[in-house]
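J.: missing the sequence, but the structure's below:
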């Protein structure tokens, strides 16, 4: 591998050997429903609490991708996984009986890209033949931890986004037909002083802009070199901010730029306010829609750049600003570099 700036060019690009996505009922009513492997009509996923429900959903996604790849979990060299819950209990409890080496990761809603970045580096460097990257979020467990109890019935602001109930998993391997991960860009923390926890798009957009600029600069590419540029969970407002930033620079992203928070739901008919959010939003869109489209030849080269808000309830209550992070992963149907 070769590192330029914040971007690593992978010398032996790992293939996405298999992918899987599991979502809740509301996500299954959206425009991407045909691509998901499993849609649950039970928010509890057969469990007795929201947190157990998230672990159950996570576990189903993990076992589904192993079944699709026709492998046993024990054949994996590493699992790189995380979620939004304290101490990453969603992923830890889901995988505690899997007997697979586990890296518990937290990058807020950027965790899917963070896990892909680490898994790709392991495979490219020869430390793993096959590794899993996965994450999840659950509307009810996240609301209880970060905002208000569900029975409080608080009014949502126009800038608020809906935390997705969903999980996505990719199996990365050293051999296969693609799509391939050719480049990964590690983001830097960006804090522009936004303090409103109901306006995550504005808080995270500067980090997305910073990481995408770094990727274009490090790889000497332009927006038009990609079929699709997809940020994660910026929603309607954050998507517009990023678009405005690049237009100001004379690099309009145009119709090739979209956001997972805009794709997962029908924002108007499902009353999503500014769109979707949560680790599971970008993960399920990637595994249930984007990779499927690449395999079908709809796109040949895309940038996947989920964003995360690095806050906690404590920092919110204390009036601290919300730092943002964004990591980027380049997928291609052809091995490059």
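T.: Yep, that arrived. Model, not experiment: these values are computed from the prediction.
J.: find out how far stretch 23-39 is from the centre of the chain, if you would.
T.: 16 Å (CA atoms, centre = their mean, to the nearest Å).
J.: what do you get for stretch 58-68?
T.: Counting by CA atoms, centre = their mean, stretch 58-68 is centred 17 Å from the centre of its parent chain.
J.: list the buried residues in it.
T.: Neighbour-count burial for stretch 58-68, counted by 16 or more other CB atoms under 10 Å, picks out 58-66. C-betas here are computed from N, CA, C, even on glycine.
J.: nearest to residue 17, of these?
T.: Taking CB to CB as the measure, residue 17 sits nearest to residue 65 out of the buried residues of stretch 58-68, at 9.0 Å.
J.: what's the distance between that closest one and residue 288?
T.: Noted for residue 65: a distance of 12 Å to residue 288, by CB to CB, to the nearest Å.
J.: surely residue 54 is within a helix?
T.: Yes. Assessed by DSSP: H, G, I helix; E, B strand; the rest coil, residue 54 belongs to a helix.
J.: that one - how many residues pack around it?
T.: For residue 54, the neighbour count with other CB atoms under 10 Å is 30.
J.: OK, contacts around residue 167?
T.: Residues in contact with residue 167 (CB atoms under 8 Å, 6 or more residues apart in numbering) are 21-23, 57-58, 60-61, 134-137, 280, 283-284.
J.: of these - the most surrounded one?
T.: When neighbours are counted by other CB under 10 Å, residue 280 leads the contacts of residue 167 with 39 neighbours.
J.: same for the strand or helix carrying that one, what does it pack against?
T.: Residue 280 is located in helix 279-285, with elements delineated by DSSP states H and E. Under the contact definition 3 or more CB pairs under 8 Å, 6 or more residues apart in numbering; DSSP states H and E, helix 279-285 sits against strand 15-23, helix 111-124, strand 130-137, strand 166-173, strand 228-232, helix 260-263.
J.: what's the average pLDDT for that helix?
T.: If you average the pLDDT over helix 279-285, you get 96.
J.: wait, residue 60 sits on residue 23?
T.: No. Between residue 60 and residue 23 there is no contact under CB atoms under 8 Å: 10.6 Å.
J.: mutual contacts of these two, please.
T.: Listed as contacting both residue 60 and residue 23 by CB under 8 Å, 6+ apart are 38, 167.
J.: okay, and the beta partners of residue 303?
T.: Going by DSSP bridges, residue 303 is paired in beta bridges with residue 229, residue 330.
J.: please name every helix or strand in contact with the helix or strand of the chain with the lowest mean pLDDT.
T.: Within the chain, no helix or strand scores below helix 139-146, which has a mean of 77 by mean pLDDT, DSSP states H and E. In this structure, helix 139-146 makes packing contacts with helix 50-69, strand 162-163, helix 313-317, judged by 3+ CB pairs under 8 Å, 6+ apart.
J.: make CSV out of those and add mean pLDDT.
T.: Below are the helices and strands packed on helix 139-146 laid out as CSV (pLDDT from 0 to 100):
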stretch, mean pLDDT
helix 50-69, 96
strand 162-163, 82
helix 313-317, 86
